[in-house]
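Asker: quick one, structure for this:
(one chain, ligands or ions: 2)
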Amino acid sequence: MAQLDPHSYFDTTQPVSRHLYFKWFVDFDRRRIDGSVAIELAEPSAGCLDLDTKGIEIHSVRTQAGAAVPWQLGSPDAILGSRLRLDLPEGTTSLTIHYASSPEAVALQWFAPEMTLGKRHPFMYSQCQAIHARTIVPCQDTPRVRIRYSAAVTVPEKLTAVMSAGPAGDRPGEKPGTRTFLFEMPQAIPPYLLAVAAGDLESRDFSPRARVWAEPEMVEKAAYEFGEVEQMIETAEELFGPYEWDRYDMLVLPPAFPFGGMENPRMTFLTPTVLAGDRSLVDVIAHELAHSWTGNLVTNATMEHFWLNEGFTTWAERQILDALHGEAASALRWAIGQKSLDESMARFGIDSPVTKLRTDLRGVDPDDVFSSIPYEKGARFVTAIERHIGHKRFVEFMRKYIGAFRFTSITSEEFIDFLEQELPGTAAAVNANAWLYETGMPPNAPVFRSDELDALVAAAAAFAGGLRPAPQQIAGWDSGRLLVFLQHLPRQLNRESLDWLDGNFNLTPRGNFEILAEWLAIALASDYEPVFERARRMLLEVGRMKFLRPLYSAMGSHPRTRALAKEIYAEAKAGYHSLSRRVVESAMETYDE
Ligand code: BES
Ligand code: ZN
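Answerer: Numbering: from 1, shown residues only. Ligands and ions are numbered 1, 2, ... in the order given. Sure thing, here's the model as predicted:
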């Protein structure tokens, strides 16, 4: 018995799944997926097969020949869920499980029509990373096992279904008033990249291989915002080699989506909070697109090596933006990342084991330790290597790395071995061991600076000392620069300073959620009443965890804002994803009464 992934019952001595065939009925009334999965095995097998499940109701298990397969569902573990142990008869090549997901399945969020923009049709989507695929399908839910899939997804007939797969047509469903959408995913993916969504969707094409899907009310805005996507794909291809996934489509989700984006192959899922109207928040697109190489082609073997996905992708995202938008703003992008790194380090403590890049997550729920550390510390480690060997050689190395490990899932140690093989001595020279196995930041962490960044930081420091930036200085600030300035201000300010900021930057009415959230965090922590209604409106609409944590935390500073937070949360809770609820509740736990 060898269980190599602490978050899965997968046992390396057992048969492995190769291809999954889904037949799903999306039941909006009961908020569940009802149907079957046929699991094709890599070779004819017999005996014990353990699958991951969480909250799933098993109806039957049969072999390709129709023979009943004895099964047993283990007692549920709070993190892993229940092990489904099957006893396969001799010569099993495929088994079909009829099942239904639970209305509490963490991977799914359901919206009644009144919770959508159009208010006429329901909406649902999945979010499987890190370990929630098992709440919608019994499977070997570890990135160590890659699967291809085919799917027939039946939804109410006015809706469109999309998946992280190639569309393969649609037809009337068996039941009247339904439609069945077909999908084929010929490339092997880790189960966390399985994704489905259904709603009243419309699309706009950007190029022969890229389009965006959104509710009709939002689709034009999205079509403008993501207009650079084809250039982004081309820029990324120059860096990392050909785009291997055929199409790059995007889906704009309701604002309750707990993340900024999710790199579901062929169909990136996105928060509508990136629709600023001026393309200023497309770093999220660059990021999710970059995962097409780092993450989706070369995948972390387990969540203990998550930095391999996010660190490389964060580095890649900034390479793409530098190439496309110029290097002048590069230091500003890294400074924004540094702020979230500092916040995460402070939240866990710089001595916390989760500040290591290579983590030990036995008994730890990945959702509980999600932070910017694998992203920003990871990207800085990548930069340390890049700076040591030089940009050009590093890009060559990246192409070799991706070529060597494409469609596989690897550990931090395998990465270091490859680095040593290709560029002997580099790991020691950059002190890779400290980056991977030690807490906090190593002394050789790269520094990113520019005169412009220095000036913005200085302006923020001067502001704290009572000096106001001059109008001609402010005039040159776009939203990215304003964000850097705001991020360097003290977290609490007096009334006069807050009035000045709001008056001069017109912050409270902003539609750019990065600016708005940064402003509201300061204003709420300062008990600044003029923003209370705006904060309420934002928090009733947006469920993105990146914004919820700082805003609900900021409201902990004063009795009045604590009361406001409780009032808002009581109303907003029903519309939040279960992951978002956990984040808010943990932020509110720190309120001292
Ligand atoms: N893969 C992540 C999102 C994720 C990670 C979901 C772990 C569940 C578990 C995605 O690529 C991501 O990093 N999104 C960021 C985008 C940002 C860094 C540009 C986000 O959601 O904020
Ligand atoms: Zn990512």
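Asker: can you count the residues close to Pro208?
Answerer: When neighbours are counted by other CB atoms under 10 Å, Pro208 registers 8. Yep, even glycine has a C-beta here, placed from its N, CA and C like the rest.
Asker: one more: Arg536?
Answerer: By other CB under 10 Å, 16 other residues sit near Arg536.
Asker: make 11 the starting number, not 1.
Answerer: Noted, 11 is the first residue going forward, which turns the last one into Arg546.
Asker: got a list of what the nearest residue to it once chain neighbours are set aside touches?
Answerer: Distances taken as CB to CB, 6 or more residues apart in numbering put Ile578 closest to Arg546, at 5.3 Å, once the chain neighbours are dropped. Counting by CB atoms under 8 Å, 6 or more residues apart in numbering, Ile578 makes contact with Ala545, Arg546, Leu549, Leu550.
Asker: ok, the last one to Ala584 distance?
Answerer: This means Leu550. 10 Å (CB to CB, to the nearest Å).
Asker: got it, and the first one?
Answerer: For Ala545, the distance to Ala584 (CB to CB) stands at 18 Å.
Asker: of the two, who's got more company?
Answerer: Set Ala545 next to Ala584 and count neighbours by other CB under 10 Å: Ala545 wins out with 26 against 9.
Asker: in which helix or strand would I find the more buried one?
Answerer: Taking DSSP states H and E as the criterion, the element that holds Ala545 is helix 542-551.
Asker: what sits up against that helix?
Answerer: 265, 518-519, 523, 526-527, 530, 533-534, 557-558, 561-562, 565, 571, 574, 578-579, 581-582, 585.
Asker: report the distance from it to the chain centre.
Answerer: What separates the centre of helix 542-551 from the centre of its chain is 24 Å, taken as CA atoms, centre = their mean, to the nearest Å.
Asker: which parts of it are buried?
Answerer: Using 16 or more other CB atoms under 10 Å as the test for burial, helix 542-551 gives Phe542, Arg544, Ala545, Arg546, Met548, Leu549.
Asker: what number of residues lie near the residue nearest to Phe523 when sequence neighbours are not counted?
Answerer: Nearest non-adjacent residue to Phe523, counting by CB to CB, 6+ apart: Thr283, 4.1 Å away. Thr283 has 24 neighbouring residues, counting by other CB under 10 Å.
Asker: send the alpha carbons of the helix holding Ala545 over as PDB?
Answerer: Output of helix 542-551 as PDB, limited to C-alpha atoms (Å, rounded to 0.1, in the frame of the first residue of the first chain):
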ATOM      1  CA  PHE A 542     -20.500  52.000   4.900                       C
ATOM      2  CA  GLU A 543     -23.300  51.800   2.300                       C
ATOM      3  CA  ARG A 544     -20.800  51.200  -0.500                       C
ATOM      4  CA  ALA A 545     -19.200  48.400   1.500                       C
ATOM      5  CA  ARG A 546     -22.500  46.800   2.100                       C
ATOM      6  CA  ARG A 547     -23.400  47.000  -1.600                       C
ATOM      7  CA  MET A 548     -20.000  45.500  -2.600                       C
ATOM      8  CA  LEU A 549     -20.100  42.700   0.000                       C
ATOM      9  CA  LEU A 550     -23.700  41.700  -0.900                       C
ATOM     10  CA  GLU A 551     -22.600  41.300  -4.500                       C
END
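Asker: next up, the contacts around the residue nearest the centre of the chain.
Answerer: Centroid-nearest residue in the chain, with CA atoms, centre = their mean: Met272, separated by 4.1 Å. When contacts are counted by CB under 8 Å, 6+ apart, Met272 touches Gln137, Gln139, Ala205, Thr278, Phe279, Leu280, Glu298.
Asker: pLDDT at it, what is it?
Answerer: Note on Met272: pLDDT of 99.
Asker: distance check, it against ligand 1.
Answerer: Distance, Met272 to ligand 1, by CB to the nearest ligand atom, to the nearest Å: 5 Å.
Asker: next one: that residue from Gly183, what distance?
Answerer: Computed as CB to CB, the Met272 to Gly183 distance reads 27 Å.
Asker: returning to that earlier point: and the buried residues of helix 542-551 as TSV, adding distance to ligand 1 and pLDDT?
Answerer: What follows is the buried residues of helix 542-551, written out as TSV (distance: CB to the nearest ligand atom, whole Å; pLDDT from 0 to 100):
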residue	distance to ligand 1	pLDDT
Phe542	26	98
Arg544	22	98
Ala545	20	98
Arg546	23	98
Met548	17	98
Leu549	17	98
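Asker: still on that earlier bit, select only the buried ones of the contacts of Met272 in PyMOL?
Answerer: In PyMOL, a selection of the buried entries from the contacts of Met272 looks like this (16+ other CB under 10 Å):
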select buried, resi 137+139+205+278+279+280+298
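Asker: circling back to that earlier point, adding distance to Val494, write the contacts of Ile578 out as a markdown table.
Answerer: Putting the contacts of Ile578 into a markdown table (distance: CB to CB, whole Å) gives the following:
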| residue | distance to Val494 |
| --- | --- |
| Ala545 | 22 |
| Arg546 | 27 |
| Leu549 | 24 |
| Leu550 | 28 |
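Asker: centre of the chain to the helix or strand harbouring Lys402, how far?
Answerer: Using DSSP H and E, Lys402 falls within helix 401-415. Relative to its parent chain, helix 401-415 has a centroid offset of 24 Å by CA atoms, centre = their mean.
Asker: what mean pLDDT does that helix get?
Answerer: On average, helix 401-415 scores 98.
Asker: now do stretch 343-353
Answerer: Mean pLDDT, computed over stretch 343-353, is 98.
Asker: C-terminal to the worst-scoring helix or strand of the chain on mean pLDDT, what's the next element?
Answerer: One helix or strand of the chain scores below all others by mean pLDDT, DSSP states H and E: helix 481-484, with a mean of 95. Where DSSP H and E defines the elements, the next helix or strand beyond helix 481-484 is helix 489-497.
Asker: and that next one, average pLDDT?
Answerer: Averaged over helix 489-497, pLDDT sits at 98.
Asker: residues near Glu124, how many?
Answerer: By other CB under 10 Å, neighbour count at Glu124 equals 8.
Asker: wait, a helix at it?
Answerer: Yes. Assigned with DSSP: H, G, I helix; E, B strand; the rest coil, Glu124 falls within a helix.
Asker: got a list of what it touches?
Answerer: By CB under 8 Å, 6+ apart, no residues touch Glu124.
Asker: before we move on, back to that, ok, the residue nearest to Phe523 touching Pro264?
Answerer: No. Thr283 is beyond contact range of Pro264, at 10.8 Å (criterion: CB atoms under 8 Å).
Asker: so whichever strand or helix holds Glu248, near ligand 1 or not?
Answerer: Assigned by DSSP H and E, Glu248 falls within helix 239-250. No. Using CB under 6 Å from any ligand atom, helix 239-250 stays clear of ligand 1, coming no nearer than 13.1 Å.
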